[in-house]
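**Q** any chance you can model this:
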Amino acid sequence: MAAADPWVQDVITCDVCNKPTQQFCNSCQVSLCDPCSKNHIDQLKFLMHDIVPFLDRKIQLVCPECQHHPGQRCEANCLQCSEPVCLKCIISGPHKEHEVEELTKAYENKKQRIAEDTEEIKTALIPKCQRKTDDIENRMSMTKTQFDDIKKESKQLRQLWHQEVDSIFDKIESMNQSHREENLNALQAYHIKIKNLFSKMIETVEQNEKLLKTNKISDVNKYKSKLELYRNFPEKVDLKVPSLCSSIYQGKELSIEIGDFRAILKQSKKQSLSADVTIR
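**A** Residues are numbered from 1 along each chain as shown. Presented below is the predicted three-dimensional model:
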């Protein structure tokens, strides 16, 4: 495979159409092919054009066309209006008696300012911005970690508090069951006494009805009344059913109690939200 011609790779193209260039406008600092060279002069006919062969080009500053005087290139910079002006503007135009400076001097001053700005941005501001970016990223990472730790701790506390609340209600259920058994046992004992008394009464009624039918004086005379005994019923059982009470005080305190057992959940807001569980 033949090697590529280095001259072909370095062909300079026209700035207008990208064809190979033959000429150069020193006034406008543009490369031109032959057809575009004529169009360039026709389109900007109010300006002077120094068209030369490309190899004879001269690199120089391109002065802008005056906005007030077609065909004139600006050679100065109006300090009062901060815009480029031509000689006609200074002598008899809108910038007459304005303080001016050479356009090339303004150009050099501006390029120096651009260079200084660029240097400060590159050497000071970009590193500072990078440090700030790194710091923010570190803080973001730390913040995420801190809130993740809080979430993890909150989850653990949720389980702990649930266990505490479960313990409270386990205690309530245990006490309720104990009171239930105590009352039911008392009622059961009372029930047995009444049933026994009932059986004795039925038996006495049957015996009395037999005596009422007998003609034997001795059997009747042996009768002893049990009426006073039956009138004195066993004392009624005094049941002790505890009340289950719960209250909420302005969303800051929860309490629940049964019998002599009481649990309180308090919430207080200081620097942070906290809560205490009190069991009595």
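**Q** from now on I want contacts and neighbour counts done on CA atoms only, so please keep to that.
**A** Will do.
**Q** and the helix or strand hosting L212, how far from the chain's centre?
**A** Under the criterion of DSSP states H and E, L212 resides in helix 126-213. On the basis of C-alpha atoms, centre = their mean, to the nearest Å, helix 126-213 sits 37 Å off its chain's mean C-alpha point.
**Q** what's it packed up against?
**A** Applying 3 or more C-alpha pairs under 8 Å, 6 or more residues apart in numbering; DSSP states H and E, we find helix 126-213 packed against strand 253-258.
**Q** got the CA positions of the helix or strand following the strand it packs on in CSV?
**A** Following strand 253-258 in sequence order, the next helix or strand is strand 261-269 (DSSP H and E). Extracted C-alpha coordinates of strand 261-269, given in CSV (Å, rounded to 0.1, in the frame of the first residue of the first chain):
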residue,chain,number,x,y,z
PHE,A,261,-50.2,-1.2,87.8
ARG,A,262,-49.6,2.0,85.7
ALA,A,263,-47.4,2.7,82.7
ILE,A,264,-46.7,6.2,81.3
LEU,A,265,-45.1,7.1,78.0
LYS,A,266,-43.9,10.8,78.0
GLN,A,267,-42.7,12.8,75.1
SER,A,268,-40.7,16.0,75.5
LYS,A,269,-39.1,18.3,73.0
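**Q** buried residues, strand 261-269. List them.
**A** R262, A263, I264, L265, K266 (16 or more other C-alpha atoms under 10 Å).
**Q** export these to TSV and tack on distance to M140 and pLDDT?
**A** Listed next are the buried residues of strand 261-269 as TSV, based on distance: C-alpha to C-alpha, whole Å; pLDDT from 0 to 100:
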residue	distance to M140	pLDDT
R262	46	89
A263	42	89
I264	39	87
L265	36	82
K266	34	79
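**Q** pop the domain breakdown of the protein in here.
**A** According to automatic domain parsing, the chain comprises the domains 7-62, 242-280.
**Q** just give me the lowest mean pLDDT stretch among those.
**A** Lowest mean pLDDT of those: domain 242-280, a mean of 73.
**Q** circling back: looking at the domains of the chain, which is nearest to H179?
**A** When the domains of the chain are compared by C-alpha to C-alpha, domain 242-280 sits nearest H179, at 7.7 Å.
**Q** buried residues, stretch 49-57. List them.
**A** Within stretch 49-57, the residues that count as buried by 16+ other C-alpha under 10 Å are H49, I51, V52, F54, R57.
**Q** just the ones of those residues in strands?
**A** I51, V52 (DSSP state E).
**Q** most widely separated two among the buried residues of stretch 49-57?
**A** Those two in those that are separated most widely, counting by C-alpha to C-alpha, are H49 and F54, at 14.0 Å.
**Q** picking up where we left off before, ok, the buried residues of strand 261-269 vs S174, which is closest?
**A** For the buried residues of strand 261-269, the minimum distance to S174 (C-alpha to C-alpha) is 13.6 Å, reached by R262.
**Q** what's the spacing between that closest one and L187?
**A** Distance, R262 to L187, by C-alpha to C-alpha, to the nearest Å: 27 Å.
**Q** hmm, back to that, okay if I get the buried residues of strand 261-269 as CSV plus distance to E182?
**A** Shown next, in CSV, are the buried residues of strand 261-269 (distance: C-alpha to C-alpha, whole Å):
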residue, distance to E182
R262, 20
A263, 23
I264, 27
L265, 30
K266, 33
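**Q** among these, which two are most distant?
**A** Farthest apart among these by C-alpha to C-alpha are R262 and K266. That separation is 13.0 Å.
**Q** is it true that E228 lies in a strand?
**A** No. Counting by DSSP: H, G, I helix; E, B strand; the rest coil, E228 is not part of a strand but helix.
**Q** all good on my end, thank you.
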